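Chemist: Prediction below, plus the sequence it came from.
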Amino acid sequence: MSGLNDTVLSLLGAEVLRSRPLHGGDLSDVQLLSLSDGRRVVAKTGPLVAAEAAMLRAVRDAGVPAPEVLGVGRGLLLMEALEETGANAKGWQALGHALQQLHSATGPHYGWAEDYAFGPVAVPNAPLENWVEFWASRRLLADPGALPRDLRLRVEALCARLPELLPAAAPAALLHGDLWSGNVLFSGPKAYLIDPACYWGDAEADLAMLHLFGTPPADFHDAYGPLEPGFEARRALYQLWPALVHLRLFGASYRNMVETRLDALGF
């Protein structure tokens, strides 16, 4: 732990007394540190922690709850430790309000200032002015050679019809970018967004991801507010990209998730 302790000491001026692992998904190492000055902080290691820190700051700058960044250096991100209390009706309402606030922040284009990645899966974010082109080239077909041939052909056929299915000029909202329920931390009356993969895009992409592994309760939907007509038809299209990412990361067990979305879209 000497390397970790040295970095924490240089960033925060305190030594690490104890550490214990936290659930950090499958792609990162996350620990809860107890420091010599009495503070508890969360430490996350990885090659993209500086990019994540910038995203957390962007979320907080939009007025949305997210962990405060305490320091970044040597592949280490240090954040405030939050007490997790579990979801309840007020928590889901808070998440609805928080996401509505996040999505009210808009950018000059689609994409982000730098590329990102989910482990070995690259996430290209080079800005584009057309949302349909962005979703096709930066998401669904970002790396067509990495897909099984039969699925690649189906996705290519879908992308050829994408101008009929998506708006070319959806508002470029600030997105969390990886918004499944595990990346929401409920703490007291607040819902904090964690582990962002931010970019500017259609707000429905975030909402579709939130529905990928379950259905948020009515408290969330009431707080977020009404969506544009046709959102239910677009949901499978926006869920297809995270399904493709899961297929590449975790293998054939996620093939059915991809095929189900393609079937629903008629491709």
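Modeler: Alright, I've got the coordinates.
Chemist: C-alpha only now, for contacts and for neighbours.
Modeler: OK.
Chemist: in the protein, which residue is closest to the centre?
Modeler: Nearest to the geometric centre of the chain sits residue 178, at 2.0 Å (Cα atoms, centre = their mean).
Chemist: any idea how far residue 165 is from residue 230?
Modeler: 10 Å (Cα to Cα, to the nearest Å).
Chemist: Specify which residue of the two has the higher count of neighbours.
Modeler: The neighbour comparison of residue 230 against residue 165 (other Cα atoms under 10 Å) goes to residue 165, with 15 against 10.
Chemist: Now the more buried one. Nearest residue, chain neighbours left out?
Modeler: Nearest residue to residue 165, sequence neighbours excluded (Cα to Cα, 6 or more residues apart in numbering): residue 234, at 7.3 Å.
Chemist: what do you get for residue 133?
Modeler: Counting by Cα to Cα, 6+ apart, the residue nearest residue 133 is residue 168, at 7.9 Å.
Chemist: Can you check the pLDDT for the one you found?
Modeler: The score at residue 168 is 91. That number is its pLDDT.
Chemist: do the same with residue 29
Modeler: Residue 29 is assigned a pLDDT of 89 by the prediction.
Chemist: can you pull the contacts of it?
Modeler: Residues in contact with residue 29 (Cα atoms under 8 Å, 6 or more residues apart in numbering) are 21, 44, 45, 46.
Chemist: let's see it at 7 Å
Modeler: Counting by Cα atoms under 7 Å, 6 or more residues apart in numbering, residue 29 touches 44, 45.
Chemist: do the same with residue 158
Modeler: Contact criterion Cα under 7 Å, 6+ apart gives residue 267 as the residues in contact with residue 158.
Chemist: ok, back up a step: my understanding was that the residue nearest to residue 133 contacts residue 132; is that so?
Modeler: Yes: using Cα atoms under 7 Å, residue 168 is in contact with residue 132, at 5.2 Å.
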